[in-house]
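next comes the sequence, and after it the predicted model I'd like to discuss.
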Amino acid sequence: MPAEPSLPNLPQPLDPRVFEGRQPDARAVARRVAALAQRRRVDGPAEVAFLLNAIACMDLTTLAGDDTPERVRRLCARARHPLPPALTEALGVADLHTGAVCVYPTMVAPAVRALAGTGIPVASVATGFPAGLMPLDLRLAEIRAAVGEGACEIDVVITRAHVLRGEWAALHDEIAAMRAAAGPAHLKVILATGDLVSLANVHAASVVAMQAGADFIKTSTGKEGVNATLPVSLVMVRALVEHGARTGARVGFKPAGGLRSAADAIAWQILMREEAGPDWLRPGLFRIGASSLLGAIETRLAQIVTGRAGTPLMPA
Ligand SMILES: O=C[C@H](O)COP(=O)(O)O
């Protein structure tokens with residue numbers, strides 16, 4: 001068993017022994033989350049470093065029914081230059097861009113065109129996002145269509161009923177089929193944890209997704225009643241650390257949905273650093289899915305640079 005997992009995560013057969021009978025202790029999880037909160041008080045250069053890393057690890061997202069190619073092009077321009085020039089100059093940063101842009105399948109083509117030559121990947125949601133309640137062949141066809149348009153990352157949703165009914169083989173086979181349909185694209189498996197009722201279900205679904213070949217496990221669509229929380233994130237990150245110890249494979253983590261403040265950006269990075277290790281805090285292994293976090297980070301960085309809370313660095 002390698003000490004440091006470093007291999008890509010290849011699909012394996014379902015092994016329910018890894019999760020059956022495992023019941024994460026909700027009180028212990030809450031205690032650990034509270035303890036991690038004590039480590040979040042960072043300031044000065046450390047805070048700036050966390051905030052810039054949050055941008056580098058961000059899947060800058062628009063997933064709205066009224067999305068247009070124009071909106072997506074504006075989002076891509078923001079992904080290429082996430083901060084105003086005066087702020088990047090004051091911070092002394094160069095070549096900063098977001099980890100990816102995340103859109104619906106029909107918006108992949110304009111995003112790919114807008115990001116050509118930048119190296120910024122386009123991620124597409126698929127599989128009947130956000131509910132996933134479409135026939136499997138149509139969900140797989142949607143994955144293939146998004147990859148065909150140029151998406152190199154695919155964010156899929158699972159059938160929550162498989163989890164709620166304990167249909168682990170069906171869940172494994174569904175995700176394995178999605179893994180195969182995605183071909184060379186990275187597969188992020190959204191568990192929609194707000195729908196899964198218990199931490200035991202979150203743990204089991206995380207393990208099944210990884211056994212089926214997920215490159216990332218992701219908390220939420222942003223559309224559930226409850227989206228990313230620190231307790232479910234802790235359970236998921238511990239599951240991926242254990243998976244790495246068991247298999248040697250590295251699986252990334254993507255909290256998404258409801259992350260809106262600079263404090264959120266830091267809290268999830270602290271959790272990742274303390275539970276998985278500092279090496280996980282890079283775009284290949286950690287992403288934050290967010291539609292409105294970037295503005296909050298910009299505001300906080302401007303406050304730090306000017307030393308005046310609430311004072312914009314640039315004229316409006
Ligand atoms: O995958 C990303 C989420 O859909 C974004 O959720 P949000 O709009 O709450 O930031």
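Perfect, thanks for sending it. Residues are numbered from 1 along each chain as shown.

so what's the closest residue to residue 140 other than its chain neighbours up against?
Using Cβ to Cβ, 6 or more residues apart in numbering and skipping residues adjacent in sequence, the residue nearest residue 140 is residue 181, 4.3 Å away. No exception for glycine: its C-beta is placed from N, CA and C like everyone else's. Shown in contact with residue 181 (Cβ atoms under 8 Å, 6 or more residues apart in numbering): 140, 143-144, 147.

out of those, which is most surrounded?
residue 143 (25 neighbours; other Cβ atoms under 10 Å).

how close does it get to residue 72?
As judged by Cβ to Cβ, to the nearest Å, residue 143 and residue 72 stand 19 Å apart.

next, count neighbours for residue 215.
If you count neighbours by other Cβ under 10 Å, residue 215 ends up with 24.

excluding chain neighbours, give the residue nearest to the residue of the stretch 151-300 of the chain found nearest the ligand in space.
Nearest to the ligand, among the residues of the stretch 151-300 of the chain, is residue 222, at 2.6 Å (Cβ to the nearest ligand atom). The spatially closest residue to residue 222, leaving aside those adjacent along the chain, is residue 257, at 3.9 Å (Cβ to Cβ, 6+ apart).

next one: residue 115
residue 76 (5.2 Å).

please, which helix or strand holds that neighbour?
Using DSSP states H and E, residue 76 maps to helix 69-80.

quick one: that helix to chain centroid distance?
19 Å (Cα atoms, centre = their mean, to the nearest Å).

tell me the first helix or strand C-terminal of that helix.
Sequence-wise, the next helix or strand downstream of helix 69-80 (DSSP H and E) is helix 85-91.

so which bits of that following helix are buried?
87-88, 90-91 (16 or more other Cβ atoms under 10 Å).

which one of the residues you listed sits closest to the ligand?
Checking those one by one against the ligand (Cβ to the nearest ligand atom), the nearest turns out to be residue 87, at 21.7 Å.
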